[in-house]
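Asker: okay, predicted coordinates and the sequence, questions at the end:
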Amino acid sequence: QGWVLAQQVNAGEALAGANERRAFLLATLSLLLVAIAALAVAAWRHGSSVRARHQADELREKAAKLQRRTDLLHTITDNLDVLTVLVDRDQHVIFTNEATASTARSSIASMIGGKLSGIFGHATAVLLGDLGDDVRRQRLPLHRVLPLTIGGALKSFQVSLIPVERIGERRQLVLLVMSDVTELKVAEQEHADLLRELVGKL
């Protein structure tokens with residue numbers, strides 16, 4: 001007769017090695033995934049930091065370029081006796097020069113960002129605002145000789161309103177260029193009076 005050997009094996013003991021290997025693989029994979037995630041976060045942060053530095057450098061460069069252009073523009077316009085004012089659709093002052101500040105008995109810093117009425121008074125600002133609206137609609141420059149009260153004095157000005165479609169993010173601007181022609185108008189009036197007197201005598 002054949003013999004049969006029977007042996008009882010505990011499942012936990014039999015699978016102990018396999019379970020240890022599985023636990024080791026899971027731990028290794030977990031550590032690998034954590035490392036990959038950490039590297040991804042580090043790379044993203046580094047990339048963001050690099051981009052932020054590039055953007056900051058670009059902004060600084062643009063700001064410096066804008067400041068140089070502004071300084072150049074002020075150097076030119078502040079040495080002219082022509083009043084120069086750039087306004088937006090709401091009549092906020094975007095740019096002005098020293099001649100305007102002197103005539104209005106104010107300062108450039110206090111006028112920038114303020115309303116046009118703060119420089120020329122309500123009545124003059126309304127008149128210039130209406131002409132500016134016409135210029136925006138027609139997209140053509142307008143030239144007029146107007147009696148304007150500026151700085152408490154009534155004077156005659158050769159006024160040019162020039163449409164400016166866009167500067168940066170600002171759109172539909174109007175550049176006001178005004179020359180004081182009071183003395184010229186007085187001389188013209190005196191000449192006309194003298195001519196009428198001469199004609200009368202003849």
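Answerer: Thanks, I have the structure now. Residues are numbered from 1 along each chain as shown.
Asker: only C-alpha atoms from now on, for both contacts and neighbour counts.
Answerer: OK.
Asker: count of neighbours near residue 157?
Answerer: Look at residue 157: counted by other Cα atoms under 10 Å, it has 21 neighbours.
Asker: grab the nearest non-local neighbour of it.
Answerer: Distance criterion Cα to Cα, 6 or more residues apart in numbering; nearest residue to residue 157, sequence neighbours excluded, is residue 180 at 4.6 Å.
Asker: who's in contact with that neighbour?
Answerer: Applying Cα atoms under 8 Å, 6 or more residues apart in numbering to residue 180 gives the contacts 82, 155, 156, 157, 158.
Asker: how about the residue nearest to the first one when sequence neighbours are not counted: which residues does it bridge to?
Answerer: The shortest distance from residue 82 to any residue other than its chain neighbours is 5.1 Å, reached at residue 179 (Cα to Cα, 6+ apart). Listed by DSSP bridges, the beta-bridge partners for residue 179 are residue 158.
Asker: my guess is residue 179 meets residue 84, correct?
Answerer: No - at 9.0 Å, residue 179 and residue 84 do not qualify as touching, with contact defined as Cα atoms under 8 Å.
Asker: distance of the residue nearest to residue 178 when sequence neighbours are not counted from residue 176?
Answerer: Using Cα to Cα, 6+ apart and skipping the chain neighbours, the partner closest in space to residue 178 is residue 159 (4.5 Å). Applying Cα to Cα, to the nearest Å, the value for residue 159 to residue 176 is 7 Å.
Asker: repeat that for residue 202.
Answerer: 45 Å.
Asker: more crowded one of the two?
Answerer: Comparing residue 202 with residue 176 by other Cα under 10 Å, the one with more neighbours is residue 176, at 20 against 6.
Asker: would that one count as being in a strand?
Answerer: Yes - according to DSSP: H, G, I helix; E, B strand; the rest coil, residue 176 belongs to a strand.
Asker: for residue 170, name its beta-bridge partners.
Answerer: Counting by DSSP bridges, residue 170 is bridged to residue 167.
Asker: where do the helices sit along the chain?
Answerer: Ranges of helices within the chain are 11-14, 16-77, 98-103, 108-111, 117-120, 122-138, 182-201, based on DSSP state H.
Asker: now the last one: buried residues?
Answerer: Read that as helix 182-201. Within helix 182-201, no residue counts as buried by 16 or more other Cα atoms under 10 Å.
Asker: any residues touching it, and which ones?
Answerer: Contacts of helix 182-201 (Cα under 8 Å, 6+ apart): 155, 156, 157.
Asker: dump the residues you listed to CSV, plus pLDDT and distance to residue 104.
Answerer: CSV is the format used below for the contacts of helix 182-201 (pLDDT from 0 to 100; distance: Cα to Cα, whole Å):
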residue, pLDDT, distance to residue 104
155, 85, 12
156, 86, 15
157, 86, 14
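Asker: done for today, thanks.
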